[in-house]
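Participant: the following block contains a protein sequence and its predicted model.
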Amino acid sequence: MEKLAGEKKRVVVVGGGVAGSFMAKLLQDHADVYLIDPKEYFEIAWASLRATVEPSFAERTLINHSEYLHKAHIITSAATNITGDEVATAQGRLIAYDYLVVATGHPGPTQFTKTEKLHCYQAEQEKIKAASQILIVGGGPTGVELASEIIFAFPDKKVTLIHRGQRLLEFIGGKAGKKALDWLTSKKVEVILGQSVNLDSGLSGSYQTSGGETIVADCHFLCIGEPIGSSWLRETCLKDSLDSHGRLMVDNKFRVNGHSNIFAIGDITDVPEIKQGYLAKSHASLVAKNLKLLIAGQSESKLSTYKPASPLALVSLGKKDGVAQIMCLTMGGRVPGMIKSGDLFVGPTRKDLGLKSSTK
């Protein structure tokens, strides 16, 4: 695609999660920005478990892209192919780019509109309210936080969490997992470690575990890790830049290996650090800063480089408590709860997008 003299450089961002949405926001005043995303909204994903038990909370966590992208083009479609100068969409559009940023960390929600997603949360809450006994499969941060949200909102429910690993929260230190386990058991959540469960066996409300136990539950929630959202890249010009785990290999400026004008940010990268939302935002901030310099004609020597973050994790336990690991320090209780659990960083995230903390 030819460009007219004086026309802004075009930056195409693929993926409307935290990394892609913040990238588009940061660049919309400095370039001709296109955001390609199969849904109409950005979701504050780390707050989704609160929204599952409290759908009204989702009114603040679901934000239409048009609310914060006033100068960018929003293409509501999945990307299907990338060449050296264009991105193809499922709608058949070909969008040329000067710079491309890939931010498709994990497959997102299947709900196309904010209204559809709100209805999904309402249906999930009704399922929880109608159940007396609830099974949660997976003892990572998602399973632990969902169990804590349910038992905090509905303390009379019988909640069972089963995890095939030998401890909870295996992505961080053992002390944090022990503190989460102690909190859950203090709330009468039954935690079964070292076993898996046959979900197909639960059609009659009785689930069979690999250890021969029977778990009675009215419903279950599957809380296991999501795959990387990179399978679509295997037939694109980036296929040779994927590592064995499906992550895009990048340098310390987030350039995709072998491509001078293509960047990747967020969970899809091979940066050796815990994959978390606040780090995805920092990726977007650095790449946006560098792209502004490149667009202005600055040299490579002016560009900033990224150093992988030290381990830091916050896991909420209901609305008041939490578990934190900051490098070698592990804390549990009200202090980490005060940092994260009350609002789950929703207010600050909305403000970073130029929106009010509240929707009212």
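Facilitator: Yep, it's here.
Participant: kindly check the end-to-end length of stretch 29-46 for me.
Facilitator: Start-to-end span of stretch 29-46 (C-alpha to C-alpha, to the nearest Å) is 28 Å.
Participant: check stretch 187-196 too.
Facilitator: Per C-alpha to C-alpha, stretch 187-196 runs 22 Å from first to last residue.
Participant: how far away is the spatially most central residue of the chain from S241?
Facilitator: Centroid-nearest residue in the chain: A45, 4.9 Å away (criterion: C-alpha atoms, centre = their mean). Going from A45 to S241 by C-beta to C-beta, to the nearest Å gives 25 Å. Quick note: C-beta positions are derived from backbone N, CA and C, even for glycine.
Participant: in the stretch 1-150 of the chain, where is pLDDT below threshold?
Facilitator: Across the stretch 1-150 of the chain, the ranges flagged by pLDDT under 70 are 1-6.
Participant: change it to 80
Facilitator: Along the stretch 1-150 of the chain, segments meeting pLDDT under 80 span 1-6, 108-109.
Participant: show me where it has helices.
Facilitator: Along the stretch 1-150 of the chain, counting by DSSP state H, counting those that start in this stretch, helices occupy 18-27, 48-53, 58-61, 65-68, 114-130, 141-153.
Participant: secondary structure element for V335?
Facilitator: Assigning secondary structure by DSSP states H and E places V335 in helix 334-336.
Participant: L344 and L222: what is the separation?
Facilitator: From L344 to L222 the distance is 21 Å (C-beta to C-beta).
Participant: those two: which is more packed in?
Facilitator: Set L344 next to L222 and count neighbours by other C-beta atoms under 10 Å: L344 wins out with 23 against 12.
Participant: list phi and psi for that one.
Facilitator: phi 60, psi 30 (degrees, to the nearest 10).
Participant: K179 and G140, how far apart?
Facilitator: Using C-beta to C-beta, we find K179 at a distance of 15 Å from G140.
Participant: more neighbours: these two, which one.
Facilitator: Taking other C-beta under 10 Å, K179 and G140 do not tie; K179 has more neighbours (25 against 19).
Participant: Y34: which of the helices of the stretch 1-150 of the chain is closest?
Facilitator: The closest of the helices of the stretch 1-150 of the chain to Y34 is helix 18-27. By C-beta to C-beta, the value is 8.3 Å.
Participant: what lies in contact with the closest one?
Facilitator: 11, 13-14, 16, 33, 35, 37, 42, 44-45, 65, 68-69, 72, 101, 103-105, 265-267, 277, 280-281, 283-285, 287-288, 291-292, 352-354 (C-beta atoms under 8 Å, 6 or more residues apart in numbering).
Participant: likewise for stretch 224-235?
Facilitator: 15, 78-82, 102, 104-108, 137-138, 140, 142-143, 239, 242, 245-248, 267-268.
Participant: re the thing from before, show me what the helix holding V335 is packed up against.
Facilitator: strand 321-326 (3 or more C-beta pairs under 8 Å, 6 or more residues apart in numbering; DSSP states H and E).
Participant: partners of the strand it packs on in the sheet?
Facilitator: strand 312-317 (antiparallel), strand 329-333 (antiparallel) (DSSP bridges).
Participant: out of these, which one sits most buried?
Facilitator: Of all the strands paired with strand 321-326, strand 312-317 has the most neighbours on average by mean count of other C-beta atoms under 10 Å, namely a mean of 23.
Participant: which other residues reach that one?
Facilitator: For strand 312-317, using C-beta under 8 Å, 6+ apart, the contacting residues are 141, 144-145, 148-149, 152, 169, 171-172, 176, 180, 183-184, 274, 276, 322-327, 336-337, 339-341, 344.
Participant: ok, and the closest non-adjacent residue to C328?
Facilitator: In space, and not counting its chain neighbours, C328 is closest to G173: 8.0 Å by C-beta to C-beta, 6 or more residues apart in numbering.
Participant: could you check how far that neighbour is from I150?
Facilitator: Distance, G173 to I150, by C-beta to C-beta: 25 Å.
Participant: who has more neighbours, the two?
Facilitator: I150 (24 against 18).
Participant: ok, that one touching V53?
Facilitator: Yes. At 5.8 Å, I150 and V53 qualify as touching, with contact defined as C-beta atoms under 8 Å.
Participant: so what sits against both of the two?
Facilitator: Listed as contacting both I150 and V53 by C-beta under 8 Å, 6+ apart are I128.
Participant: quick revisit: next SSE after the helix holding V335?
Facilitator: Sequence-wise, the next helix or strand downstream of helix 334-336 (DSSP H and E) is helix 346-352.
Participant: packing partners of that next one?
Facilitator: Here helix 346-352 touches helix 58-61, going by 3+ C-beta pairs under 8 Å, 6+ apart.
Participant: let's see 10 Å
Facilitator: Judged by 3 or more C-beta pairs under 10 Å, 6 or more residues apart in numbering; DSSP states H and E, helix 346-352 is in contact with helix 18-27, helix 58-61, helix 65-68, helix 277-295.
Participant: where's the longest one relative to the chain centroid, distance-wise?
Facilitator: I take that to be helix 277-295. Centre-to-centre, helix 277-295 and its host chain are 17 Å apart (C-alpha atoms, centre = their mean, to the nearest Å).
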